[in-house]
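*Asks:* quick one, structure for this:
(2 chains, ligands or ions: 2)
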Amino acid sequence: MAMTKSRRRRITMIIRYAVLSVWALIAFFPIYWIVSTSFKIDTQWFAWPPFYFPNPPTFSNYMNVWFGAEEYTSTQYAISSQKPLISLWNSTVIATCSTFLAVLFGSIIAYGVSRYRVLSDLRMFQLLMLRMIPPIVIVAPLSLYYTAVGLIDTRTGLILVYFLTTLPYAVWMTKSFIDEVPREVEQAAEILGASRWRTVFEIVLPLIRSGLVATFLFILILTWSEYLLALIITKTNVATLPIELSKYQGSTEGRVYGRQAALAVGITIPLMIVGVIIRKHLARGFSFGMVRR
Amino acid sequence: MARIELVNLEKSFGAVKAVKDLTFTIEDGEFIVFVGPSGCGQTTTLRMIAGFEDPTSGEIRINGKVVNDLEPRDRGLGMVFQSHALFPHKNVAQNIEFGLRMKKVPAEERVRRVREVADMVRIGHLLDKMPSQCSGGESQRVALARTLVTNPSTFLLDEPLSSLDAKLRRELRAECDRLHQALKRTFIFVTHDQEEAMTLADRIVVMRNGEIVQVGSPMEIYSNPVNYFVADFFGSPSMNLVAGEIVQGTAGTRFRAPHFDIALPTRFGTAKPGAATLGIRPESVGVAIGAKGDIELPVRLVEPLGKDTLLYFDAGTERAFVAVTEGLSMAEIKVDERIPLTLDPLRIHLFESDGRRIDTGA
Ligand SMILES: Nc1ncnc2c1ncn2[C@@H]1O[C@H](COP(=O)(O)OP(=O)(O)OP(=O)(O)O)[C@@H](O)[C@H]1O
Ligand SMILES: [Mg+2]
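*Replies:* Numbers count the residues shown, from 1 in each chain, chains lettered A, B, ... in the order given. Ligands and ions are numbered 1, 2, ... in the order given. Coordinates of the predicted model:
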């Protein structure tokens, strides 16, 4: 028996939603677990059967971790040389500065490649290959070098290394957006009397703005959560949030999951705020369809 | 005022010679149409004039001044791109206004002139729309208005009507013509469409493989094509072209084709014997029912168009041999009937096997 078209479409729809719902559940569960754990009292962190809801919910983990409200045992404090709020500040400065630099220089290079072919296809590919090098390989020489030039354990040092390691992404991503802007649109502006700079600022930049914002967030997430390089290069002075987070693993009293979860939630929230603020651009930036021909 | 001279202009892209040794002068106020098959170098020529492409060699002069090293914006030209190239993030009014802003025209005057130009090309009702909300014809007009408003000395138009439907094309063609009359500016217009070229141009420049094949008024090009290529390119229906051979004998000069054998006018008396192609336009072929024609061919198809009737004959060639007759009087002719035809001796062209027209000095 032939099914009607609309019926078949509805069934497809139901299956699609079912699959997506299951996938969403799997994807979101860890996030839910972290959030709920961050509100649990210590006896519920490991409890079996697990507590799906914090009962009673408590803010003590947050107060502890972020504001040091409660005295810690010496061992617990010993592992953390600085308060998370300072790390939050470090992370903010380092991630935004390096991301800003990467997107700024990345888009300048990308514009040159797209319009003037300043890099050949091969060079562009090599640039991307640079990213394929496992970071662990460069860590040792880099830390030696940084020690020699006095960049070790400084914000500048980390900003520099993040900027350079994310630059290939920035170039590739922004280039794909610039390529979308037809050359003739720029040339139309030129022949109407606009200078090169005017053309870039008034025609190209507005057209790739969503793309730049999407690139910015993408790289911000990378640098915000980067661990390995930060671990080697920063040691104590300018620990970033992921470093801070890892310190809870090493506690001699076992894993203080609730505290760690509270810290993790705090690390995630800034990114989510940024994401929400720029969501309009993200939808457009990631769908690449911003220029209609 | 703009008199544009192209002097030995050449452009190569690597091994590809897109434009070869182009020398040509465009007079002030002329409507020049570049026409030719795809890839013949028209866009490249236009882009060199505009300044988007550096010539490999040769000079471009505007009013006698060499402009090779001048930026596009300093050449005083306006260009309408084939893709329209509207600014997608600006509305129609802002698109049109752009050129004025770059020239630092005060705001009130900008508003006034945008209005004026928009009304001129009849898009006054579109000013608040975004380019993505405009139809092809509307975008076309916006692109035109955006260029018009800056009052350039010369308009460069690259296949501006190619993406439109037939009716809109005719409309905008008329508009281009009207603008040219009204503005008295130089127009350089690129197209593939011979009809567009014929109706718009003061002079047509026929290009092929990066070279100029012929320059002339539409009538010159139509009635005196310099070679087979030009003869075949212009006219609709196209010129009848029949391959055969020229024979010099006691009976004078004759042209022998698979399906007919005719005496050639005396001006071909010195033509070299051998393979050649005879060309004659459909309207120069007369249908001589009941009389003695120059040739006799069987009818294959009768196409009554109302004003005219087209008769398609079999002349042993791949393409049918066409005759145009006025009105519908011939519409009743039966297929396969053999019809006597006259060929206007003054309108017969002969082309050598390499395509060149056999010149009779006449
Ligand atoms: N940027 C370029 N790089 C390499 N070759 C090019 C470039 N631009 C044009 N060409 C080549 O030069 C020749 C002429 O190109 P052009 O665009 O001038 O042709 P056209 O006459 O405008 O064709 P069409 O009418 O199809 O647009 C073509 O063979 C084309 O492939
Ligand atoms: Mg072209």
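
*Asks:* okay, strands next: where are they in the stretch 201-350 of chain B?
*Replies:* In the stretch 201-350 of chain B, strands defined by DSSP state E, counting those that start in this stretch lie at B:203-208, B:211-216, B:240-249, B:252-257, B:260-263, B:274-280, B:285-287, B:295-304, B:308-313, B:321-326, B:338-343, B:349-352, listed in chain order.

*Asks:* could you dump these into CSV with distance to chain A, mean pLDDT and mean neighbour count added?
*Replies:* Every C-beta, even on glycine, is put in place using the N, C-alpha and C of the backbone. Written out in CSV, the entries for the strands of the stretch 201-350 of chain B read as follows (distance: least, Cβ to the nearest Cβ, whole Å; pLDDT from 0 to 100; neighbours: other Cβ atoms under 10 Å in any protein chain shown):
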stretch, distance to chain A, mean pLDDT, mean neighbour count
strand B:203-208, 21, 95, 23
strand B:211-216, 25, 94, 18
strand B:240-249, 38, 91, 18
strand B:252-257, 49, 90, 18
strand B:260-263, 52, 90, 16
strand B:274-280, 39, 93, 19
strand B:285-287, 45, 91, 20
strand B:295-304, 39, 91, 16
strand B:308-313, 39, 92, 21
strand B:321-326, 40, 91, 20
strand B:338-343, 48, 92, 18
strand B:349-352, 39, 93, 20
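
*Asks:* residue contacts, A:A194?
*Replies:* If a contact means Cβ atoms under 8 Å, 6 or more residues apart in numbering or on different chains, then A:A194 has A:202-203, B:73, B:98, B:102 as its contacts.

*Asks:* and of the strands of the stretch 201-350 of chain B, who's closest to A:K5?
*Replies:* Of all those, it is strand B:295-304 that lies closest to A:K5, at 43.7 Å by Cβ to Cβ.

*Asks:* inside helices: which ones of the contacts of A:A194?
*Replies:* With helices taken from DSSP state H, the overlap with the contacts of A:A194 comprises B:98, B:102.

*Asks:* so how far is the helix or strand encompassing A:Q260 off the chain centroid?
*Replies:* When elements are assigned from DSSP states H and E, A:Q260 belongs to helix A:257-277. On the basis of Cα atoms, centre = their mean, to the nearest Å, the separation between the geometric centre of helix A:257-277 and that of its chain is 12 Å.

*Asks:* how deep is B:R319 tucked in, by neighbour count?
*Replies:* Using other Cβ atoms under 10 Å in any protein chain shown as the criterion, B:R319 is surrounded by 14 other residues.

*Asks:* what strand or helix carries A:T174?
*Replies:* In this structure, A:T174 is located in helix A:155-180 according to DSSP H and E.

*Asks:* what comes up buried for that helix?
*Replies:* Within helix A:155-180, the residues that qualify as buried are A:155, A:157-163, A:165-175, A:177-180, counting by 16 or more other Cβ atoms under 10 Å in any protein chain shown.

*Asks:* gap between the spatially closest residue to B:R122 that is not a sequence neighbour and A:V161?
*Replies:* Residue nearest to B:R122 in three dimensions, not counting chain neighbours: B:R141, with 6.9 Å by Cβ to Cβ, 6 or more residues apart in numbering or on different chains. The spacing between B:R141 and A:V161, counted by Cβ to Cβ, to the nearest Å, is 54 Å.

*Asks:* quick one: what helix or strand has residue 114 in it?
*Replies:* Assuming you mean chain A. A:S114 belongs to helix A:84-116 when elements are defined using DSSP H and E.

*Asks:* actually it's chain B I care about, not the one you picked
*Replies:* Counting by DSSP H and E, the secondary-structure element that holds B:V114 is helix B:107-120.

*Asks:* against which helices or strands is that helix packed?
*Replies:* Other elements packing on helix B:107-120 under the criterion 3 or more Cβ pairs under 8 Å, 6 or more residues apart in numbering or on different chains; DSSP states H and E are helix B:92-102, helix B:136-148.

*Asks:* packing partners for the helix holding A:T174?
*Replies:* Contact partners of helix A:155-180 among helices and strands, from 3+ Cβ pairs under 8 Å, 6+ apart: helix A:84-116, helix A:121-130, helix A:135-149, helix A:205-224, helix A:228-234.

*Asks:* I'd say B:L343 and B:I280 touch.
*Replies:* Yes. B:L343 sits in contact with B:I280 when judged by Cβ atoms under 8 Å, with a separation of 5.4 Å.

*Asks:* which bits of the stretch 51-200 of chain B sit near ligand 1?
*Replies:* By Cβ under 6 Å from any ligand atom, the residues of the stretch 51-200 of chain B that approach ligand 1 are B:H192.

*Asks:* now do the nearest residue to A:I203 once chain neighbours are set aside against ligand 1, distance only.
*Replies:* What sits nearest to A:I203 in space, not counting adjacent residues and going by Cβ to Cβ, 6+ apart, is A:A189, at 4.9 Å. Here A:A189 is placed at a distance of 20 Å from ligand 1 (Cβ to the nearest ligand atom, to the nearest Å).

*Asks:* quick one, what contacts A:A189?
*Replies:* Contact analysis of A:A189 by Cβ under 8 Å, 6+ apart lists A:198-199, A:202-203, B:87, B:98.

*Asks:* around A:E244, how many other residues sit close by?
*Replies:* Tallying neighbours of A:E244 according to other Cβ under 10 Å, which is how burial is gauged here, yields 27.

*Asks:* look up how far A:V65 lies from it.
*Replies:* Spatial separation of A:E244 from A:V65 under the definition Cβ to Cβ is 9 Å.

*Asks:* need the residues touching each of these two.
*Replies:* Both A:E244 and A:V65 are in contact with A:84, A:263, where contact means Cβ under 8 Å, 6+ apart.

*Asks:* wait, which of the helices and strands packed on helix B:107-120 is closest to A:T12?
*Replies:* Of all the helices and strands packed on helix B:107-120, it is helix B:136-148 that lies closest to A:T12, at 35.3 Å by Cβ to Cβ.

*Asks:* and the next helix or strand past that closest one?
*Replies:* Read in the C-terminal direction, the helix or strand following helix B:136-148 is strand B:154-158, with elements assigned using DSSP H and E.

*Asks:* elements contacting the helix or strand just after that following strand?
*Replies:* Under the assignment DSSP H and E, the closest C-terminal helix or strand after strand B:154-158 is helix B:166-183. Counting contacts by 3+ Cβ pairs under 8 Å, 6+ apart, helix B:166-183 packs against helix B:136-148, strand B:186-191, helix B:194-200.

*Asks:* okay, buried residues for the host helix or strand of B:L22 please.
*Replies:* Secondary structure assignment for B:L22, by DSSP H and E: strand B:16-26. If you call a residue buried by 16+ other Cβ under 10 Å, then strand B:16-26 has these buried ones: B:17-20, B:22, B:24, B:26.

*Asks:* go on, stretch B:349-362?
*Replies:* Judged by neighbour count using 16+ other Cβ under 10 Å, the buried positions of stretch B:349-362 are B:349-352, B:357-358.

*Asks:* nearest to the spatial middle of chain B, which residue is it?
*Replies:* In chain B, the C-alpha closest to the average C-alpha coordinate belongs to B:A197, at a distance of 3.0 Å (Cα atoms, centre = their mean).

*Asks:* so what's B:A197 up against?
*Replies:* Shown in contact with B:A197 (Cβ under 8 Å, 6+ apart): B:33, B:35, B:191, B:204, B:218, B:234.

*Asks:* adding distance to B:T270, write those out as CSV.
*Replies:* Listed next are these as CSV, based on distance: Cβ to Cβ, whole Å:
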residue, distance to B:T270
B:V33, 35
B:V35, 33
B:T191, 38
B:I204, 30
B:P218, 30
B:F234, 27
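
*Asks:* which one of those is nearest to ligand 1?
*Replies:* Using Cβ to the nearest ligand atom, B:T191 is the member of the contacts of B:A197 that lies nearest ligand 1, at 8.5 Å.
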